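# no sequence for this one, just the structure:
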């Protein structure tokens, strides 16, 4: 929503699309008529069918935000929205969790804006590393002499 005072306009933005994940997205229609994308199968190459996670938003008013004017006593007393941190925690696989990812972005807004996408980008490299074939280290032979 955008606006000031008592007049507000509902605004819709184009969805942010990650070209690498687009083939795995399918539309889901919500009860209010909106459509969202749901990802499935994007980690199948690693043997993971599904992940789970939680986004979060944490209001804050620290010395940095006070100096920058993001958080003032007046804004607090008027009930205005304070600056927020963005966080996300996720795990995989859903049925038998073995790996956990977490992200915290200072002054990052809602968890879905920055932290969740950061974690989504971290899954493939983490899973490639975890699923690497375990090689036995080569033993050095001591030469007698």
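Happy to help now that I have it. What you see is a predicted model, and the numbers here were worked out from it, not measured in a lab. Residues are numbered from 1 along each chain as shown.
# when you work out contacts or count neighbours from here on, use the C-alpha atoms and nothing else.
OK.
# quick one: the strands in the chain?
Under the criterion DSSP state E, strands of the chain are mapped to 2-4, 7-9, 25-29, 35-39, 52-59, 84-92, 99-105.
# how many degrees apart are the last one and strand 84-92 in direction?
Spelled out, that is strand 99-105. For strand 99-105 against strand 84-92, the angle between stretch directions is 170 degrees (axes from the mean of the first three to the mean of the last three CA atoms, to 10 degrees).
# which one's the longest helix in this structure?
Ranked by residue count under DSSP state H, the longest helix found in the chain is helix 115-130.
# okay, residue 127: pLDDT?
Model confidence at residue 127, expressed as pLDDT, equals 81.
# assess the claim that it and residue 48 are in contact.
No. Here residue 127 does not reach residue 48: they are 9.4 Å apart, not a contact under CA atoms under 8 Å.
# show me what the longest helix of the chain is packed up against.
Helices and strands touching helix 115-130, by 3 or more CA pairs under 8 Å, 6 or more residues apart in numbering; DSSP states H and E, are strand 84-92, strand 99-105.
# do that again at 6 Å, thanks
With contacts defined as 3 or more CA pairs under 6 Å, 6 or more residues apart in numbering; DSSP states H and E, the packing partners of helix 115-130 are strand 84-92.
# in its sheet, what does the strand it packs on sit against?
Listed by DSSP bridges, the sheet partners of strand 84-92 and their directions read strand 52-59 (antiparallel), strand 99-105 (antiparallel).
# what's the angle from it to helix 115-130?
Compare the direction of strand 84-92 with that of helix 115-130 by the same axes, to 10 degrees and you get 30 degrees.
# where does the prediction get shaky in the chain?
Per-residue confidence of the chain (counting by pLDDT under 70) places the weak regions at 1-42, 44, 131-145.
# could you redo the last one with a cut-off of 50?
Confidence mapping of the chain against pLDDT under 50 gives the ranges 1, 132-138.
# sorry, back to before: touching the longest helix of the chain from outside, list them.
Contacts of helix 115-130 from elsewhere in the structure, counted by CA atoms under 6 Å, 6 or more residues apart in numbering, are 86, 87, 88, 103.
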